[in-house]
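Undergrad: got a sequence here, can you model it:
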Amino acid sequence: MINMKCPICGKDLDLQNKQIGTSENGDPIFNEYAICHSCKKQWNLDKQRAKKIAAKKAAEEKAKAEAAARAAEEKAKAEAAARAAEEKAKAEAAARAAEEKRAARREAKARARKEAIARLAADKGISEEEAERILKERARARKAAAQKAATDNSEEQKYGNIPAEEIRDKREKAVRKGYEDMLATDPDSKAAKKKKKEEAETAKAKEDVKSRKMDDYDDEDDDEYEYVDEYPRFRPGRIILGIISLLTFGFCIYKGFVTGLSTSGADVTSASGMNYVIVALCMLVTALLYFIMNNRDTLFAFLIPMILYIGCAVFAFLKHGDEFELLILAGVSGVLAVISLILAIASHGGDDYDDEDDYDDPFEEEHDN
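TA: Numbering: from 1, shown residues only. Predicted coordinates for the structure are as follows:
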């Protein structure tokens, strides 16, 4: 009995049989185990032997398969080489036979030619060279006649049975129309689907054109009879008020710098120059508002400048003191505020047209009748 050593610690292994299961009949199945009591490891020897046997068997089968494949490949190569050699031999034999046949025909032709030359020379009493020349001329004449006959026959076959171009076009159109009608009867055919699609597209295009014409007509009617304000109301008046405000701004700035913005020991807000500057800033803002909102038809285009004019008038009146120019500016601001209020009321006061009830329809009597 061979003592087996543990591959881990090198000590002897204890061989024991252990039950790993039962068979279909209930008989126990044992496998031999190698147990190392030191390492607490065990190995199934029967399972390892089965693995080695299976691997050996697989290697043998693989070797047999490779040998069979090599043998089959060698056999196929040998058969292909044999077939190639046989075909080559047959081709060479056929080539030799064809060459021999051509050589025999050439020899027979040469003999027949010599006999014909000798016979013609003997019949006409001429030399063989002269007889050979005559035979060549006859051969060329026969060849030319054969070529001419072949050309005439081909032309007759090519053009003899072809009808006129109008008849051909008429027949082609009739055949094409019949084929399309035949395809149109089948609802699943491509031609029928294509025809239906073209008809649908044509109808849709007509509807689109009709709808566009109606829309254009409606737009023309709307443009003709609808009243639209192209420009905001009182636009020139806004420009005039803005210019007056700018001129007032320039005058106040001039007076402010001439009078002086502040005096020594006095409050800045009570200085006459500073009062002119404040009025000038109000006028500048008012002018900018008129110019910016010149293209807008809104009530605020007049109300906001009016409020600034009122504030400017109140401020100038309260701060005028001995300055008569500030009192004049207060009056001018008040007048401008009143003008702005009048323009605001007039711009949204009412329409220029009467109500529909007061409109006399020239065709009213005809409708009534």
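
Undergrad: the strand or helix carrying residue 123: how far from the chain's middle?
TA: Residue 123 is part of helix 45-124, with elements assigned from DSSP states H and E. Taking Cα atoms, centre = their mean, to the nearest Å, one finds helix 45-124 lying 59 Å from the centre of the chain it belongs to.

Undergrad: got the angle for the very next helix or strand once past that helix vs helix 45-124?
TA: Heading C-terminal from helix 45-124, the first helix or strand you meet, by DSSP H and E, is helix 128-159. For helix 128-159 and helix 45-124, the angle between their directions (axes from the mean of the first three to the mean of the last three Cα atoms, to 10 degrees) works out to 120 degrees.

Undergrad: now for helix 128-159, which elements pack on it?
TA: Other helices and strands packing on helix 128-159, by 3 or more Cβ pairs under 8 Å, 6 or more residues apart in numbering; DSSP states H and E, are helix 45-124. Bear in mind the C-beta positions are built from the backbone N, C-alpha and C, glycine included.

Undergrad: what is the helix it packs on packed up against?
TA: Counting by 3+ Cβ pairs under 8 Å, 6+ apart, the packing neighbours recorded for helix 45-124 are strand 28-36, helix 128-159.

Undergrad: most tightly packed of the ones you listed?
TA: Per-stretch averages of neighbours, counted by mean count of other Cβ atoms under 10 Å, single out strand 28-36 among the helices and strands packed on helix 45-124, with a mean of 15.

Undergrad: pLDDT of that one, averaged?
TA: Averaging pLDDT along strand 28-36 gives 86.

Undergrad: separation between the residue nearest to residue 4 when sequence neighbours are not counted and residue 6?
TA: Excluding its sequence neighbours, the residue lying closest to residue 4 (Cβ to Cβ, 6 or more residues apart in numbering) is residue 13, at 4.4 Å. As defined by Cβ to Cβ, to the nearest Å, residue 13 lies at a distance of 6 Å from residue 6.

Undergrad: who has more neighbours out of the two?
TA: Using other Cβ atoms under 10 Å, the more surrounded residue of residue 13 and residue 6 is residue 13, with 21 against 17.

Undergrad: surely that one meets residue 34?
TA: Yes - the pair residue 13 and residue 34 passes the contact test of Cβ atoms under 8 Å, sitting 4.2 Å apart.

Undergrad: shared neighbours of the two, anything?
TA: Jointly contacting residue 13 and residue 34 under the rule Cβ atoms under 8 Å, 6 or more residues apart in numbering are 4, 43.

Undergrad: show me the shaky parts of the stretch 51-200 of the chain.
TA: Within the stretch 51-200 of the chain, the stretches with pLDDT under 70 are 152-161, 184, 186-193, 195.

Undergrad: go with 90
TA: The model of the stretch 51-200 of the chain has pLDDT under 90 over residues 109-200.

Undergrad: and residue 202, how many neighbours does it have?
TA: The local packing count at residue 202 equals 10, with neighbours defined by other Cβ under 10 Å.

Undergrad: ignore what I typed, I meant residue 107.
TA: For residue 107, the count of nearby residues is 10 (other Cβ under 10 Å).

Undergrad: and the helix holding residue 123 with strand 28-36, angle?
TA: Helix 45-124 and strand 28-36 are oriented at 100 degrees to each other (the same axes, to 10 degrees).

Undergrad: separation between residue 106 and residue 139?
TA: With distances taken as Cβ to Cβ, residue 106 is found 16 Å from residue 139.

Undergrad: brilliant, that's me finished.
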